[in-house]
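In: The sequence and its predicted three-dimensional model are supplied below.
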Amino acid sequence: MVGVVSRDRLEIRAVHRFGNAPVPVAGRLYTDILRLHAEVLAGLRAAGQGGALASVGIDGWGVDYGLLDAAGTLIGNPVHYRDARTEHVRLSMPAAEIYAITGIQQLPINTLCQLTAAAGSPELAAARTLLLLPDLLGYWLTGAAGAEVTNASTTQLLDVRTRQWATGLMARAGIPPAIFPPLRQPGEPVGALLPGPAAQAGLPAGLPVLAVASHDTASAVVGTPAAGEDFAFISSGTWSLAGLELAGPVLSTASQSANFTNEAGVDGTVRYLRNVMGLWLLQESVRNWREAGQAVSLRQLLAAAARLPALECVVNVDDPAFLAPGDMPARIEAACRAGGRPVPGSPAQTVRCILDSLALGHLRAVADAQRLSGRHADVVHMTGGGARNALLCQLTADACGLPVIAGPDEATAIGNILVQARAHGAVPSGLDGMRALVRGTQRLRRYRPRGSVARWRAAAAGLEI
């Protein structure tokens, strides 16, 4: 994505898109990081053809990492967080102690769980540096190793109060603290583009690479067009990250029990949220139908789903059974049977089940975030790919009983670009000013709640695992 930014202008355009699917090999699920690196270079080449670039910033998903040896060489392919190796991990520290330090939701995908599963492996024994994936891609561009703090917070290995590595926790968990690189703040320099990758990308060597909010949700929250503080956000894509932006963490026992996470945001903020299994269920279902030879059209499925009644069949989208790739429609049917609920009998009914269930997940996350933090939200901002799904936006408004403002769907890219632009002095320095620029330049859609919220709340209460 290329952005053009000034005090009253914010334009973005896509110059290169590419798929990103994990690769199963010999019973393990890997991220195809070398192909992603090649696609980054292709994207930079395409970006540079439109004119001179001021800088480059990289964001991506959290928790996954690559290991470098003493020579700075990648040790094997990074294992993908959906791999099954963490299914039966048992942590050596009590969950309450970990939460009191990190404030992070306990999930098997967390870096802490991944490293615990990797304990005793030759790869971990040989490692001298651990880099989260956006930092790894930046390392290959600049030769500079570091860890950007918003993404580092997703590892469950960062102290949420000090925003420094929790080295004591690492030592108790048997994880070597020495492999974790220095932390960076959004807007700080990563380094300069090296001659080798510069030549591959057709760009000048020395082009600045800046740290942005490198966790994609952190960038998306920067790019949320909120006015004031009383808003909830849902960054909707493969996952739905739903919650509030706070000035400090919520570390209560109730917060831990509700499985809420306190991730670092830009300018010292906290993204107080719950990871809700998002449109992954729909993506996997469509993939499964097409692989089975069904000529399904997502647009037609959504139109058909919109004509069906609400809440006829629902599942808890946070059920761990939905985490791994596979036959998602069959898993949804099994979950409905296990819960004594009606089973969807067609792809359109499955899609309606997914979207109703996801709206219920949004309701629970937004309501719980307000209850646990003591903060009120009078509007929900939905960004990301889910903001293009009119049915999901309307159902979320119906479930939450709050207006939903949808857009921008490229909030992550916008947040990335705004942090770079601020480092160049091109936009206001505060989050309010940056968000005002988003509100004034991006197309937004508003959805008002319909019908009774009580029906949705009752359905959500019946889905506790």
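Out: It's in. Numbering: from 1, shown residues only.

In: Please tell me how far the helix or strand hosting Ser240 is from the chain's geometric centre.
Out: Element membership for Ser240 (DSSP states H and E) is strand 239-246. Relative to the centre of its chain, strand 239-246 is centred 10 Å away, using CA atoms, centre = their mean, to the nearest Å.

In: domain parsing for this structure?
Out: Domain ranges of the chain: 2-214, 216-407+444-465, per automatic domain parsing.

In: Looking at these, spot the one closest to Ala423.
Out: domain 2-214 (4.4 Å; CB to CB). Heads up, the C-betas are built off the backbone N, CA and C, glycines and all.

In: Show me what the strand holding Ser240 pairs with in its sheet, parallel or antiparallel.
Out: Sheet pairing of strand 239-246 (DSSP bridges) gives strand 232-236 (antiparallel), strand 270-277 (antiparallel).

In: from those, which stretch is densest packed?
Out: Comparing these by mean neighbour count (mean count of other CB atoms under 10 Å), strand 232-236 ranks first with a mean of 29.

In: where does the protein have low pLDDT?
Out: 464-465 (pLDDT under 70).

In: OK, contacts around the most centrally placed residue in it?
Out: By CA atoms, centre = their mean, the chain has its centre lying nearest to Thr217, at 4.7 Å. Residues in contact with Thr217 (CB atoms under 8 Å, 6 or more residues apart in numbering) are Gly62, Ser235, Leu241, Glu263, Arg271, Leu273, Thr412.

In: separation between the last one and Val222?
Out: If you measure Thr412 against Val222 using CB to CB, to the nearest Å, the figure is 9 Å.

In: and what of Val250?
Out: 21 Å.

In: From the neighbour counts alone, determine which of the two ranks first.
Out: Between Val250 and Val222, counted using other CB atoms under 10 Å, the more crowded position is Val222 (29 against 22).

In: where does the closest residue in space to the more buried one that isn't next to it in sequence land in three-state SS?
Out: In space, Val222 comes closest to Gly415 once its chain neighbours are excluded; the distance is 3.3 Å by CB to CB, 6 or more residues apart in numbering. At Gly415 the chain is in helix, as set by DSSP: H, G, I helix; E, B strand; the rest coil.

In: Could you pull out the strands in the stretch 1-150 of the chain for me?
Out: 2-6, 9-13, 23-25, 28-30, 56-57, 65-68, 129-132, 147-148 (DSSP state E, counting those that start in this stretch).

In: Neighbouring strands - and their directions - for the last one?
Out: Note on strand 147-148: by DSSP bridges, its sheet partners are strand 183-184 (parallel).

In: ditto for the fifth one
Out: Here strand 56-57 is paired, per DSSP bridges, with strand 208-210 (parallel).

In: Identify the residues contacting the strand it pairs with?
Out: So strand 208-210 is contacted by 54-58, 138, 141-142, 187-193, 419-420, 423 (CB under 8 Å, 6+ apart).

In: next helix or strand past it?
Out: Following strand 208-210 in sequence order, the next helix or strand is helix 216-222 (DSSP H and E).

In: quick check, distance from that following helix to the centre of its chain.
Out: 8 Å.

In: repeat for stretch 410-424
Out: 16 Å.

In: what's in contact with that stretch?
Out: Residues from elsewhere that reach stretch 410-424 (CB under 8 Å, 6+ apart): 1, 3, 5, 10, 12, 14, 54-59, 186-188, 210, 212-213, 216-224, 235, 266, 383-384, 387, 408, 427-429, 434, 437-438, 442.

In: Just the buried ones from the residues you listed?
Out: Neighbour counting over those (16 or more other CB atoms under 10 Å) leaves 1, 3, 5, 10, 12, 55-59, 186-187, 210, 212-213, 216-224, 235, 266, 383-384, 387, 408, 427-428, 434, 437-438, 442 as the buried ones.

In: need the contact list for the nearest residue to Leu91 once chain neighbours are set aside.
Out: Spatial nearest neighbour of Leu91, excluding adjacent residues (CB to CB, 6+ apart): Thr116 at 6.1 Å. Counting by CB under 8 Å, 6+ apart, Thr116 makes contact with Thr86, Val89, Leu91, Ser92, Ala173, Gly174, Ile175.

In: Kindly recompute the last result at 10 Å.
Out: Arg85, Thr86, Val89, Arg90, Leu91, Ser92, Asn110, Ala173, Gly174, Ile175 (CB atoms under 10 Å, 6 or more residues apart in numbering).

In: Can you tell me which of those residues are buried?
Out: Listed as buried from the contacts of Thr116 are Arg85, Thr86, Val89, Leu91, Asn110, Ala173, Ile175; burial here means 16+ other CB under 10 Å.

In: picking up where we left off before, from Ala96, how far out is the residue nearest to Leu91?
Out: Thr116 is 17 Å from Ala96, by CB to CB.

In: residue boundaries of the helices in the stretch 251-400 of the chain?
Out: 253-257, 280-291, 298-306, 328-338, 347-373, 390-400 (DSSP state H, counting those that start in this stretch).

In: Mind listing what's buried along the fifth one?
Out: Buried residues in helix 347-373, counted by 16+ other CB under 10 Å: 347-370, 372-373.

In: Specify the angle between that helix and strand 270-277 in degrees.
Out: Per axes from the mean of the first three to the mean of the last three CA atoms, to 10 degrees, the angle that helix 347-373 makes with strand 270-277 is 150 degrees.

In: picking up where we left off before, need the helices of the stretch 251-400 of the chain in JSON lines with distance to Leu131, can you?
Out: As requested, those are arranged in JSON lines below (distance: least, CB to CB, whole Å):
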{"stretch": "helix 253-257", "distance to Leu131": "29"}
{"stretch": "helix 280-291", "distance to Leu131": "25"}
{"stretch": "helix 298-306", "distance to Leu131": "35"}
{"stretch": "helix 328-338", "distance to Leu131": "32"}
{"stretch": "helix 347-373", "distance to Leu131": "30"}
{"stretch": "helix 390-400", "distance to Leu131": "34"}
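
In: looking at those helices, which is closest to Gly19?
Out: Of all the helices of the stretch 251-400 of the chain, helix 280-291 comes closest under CB to CB, at 11.4 Å.
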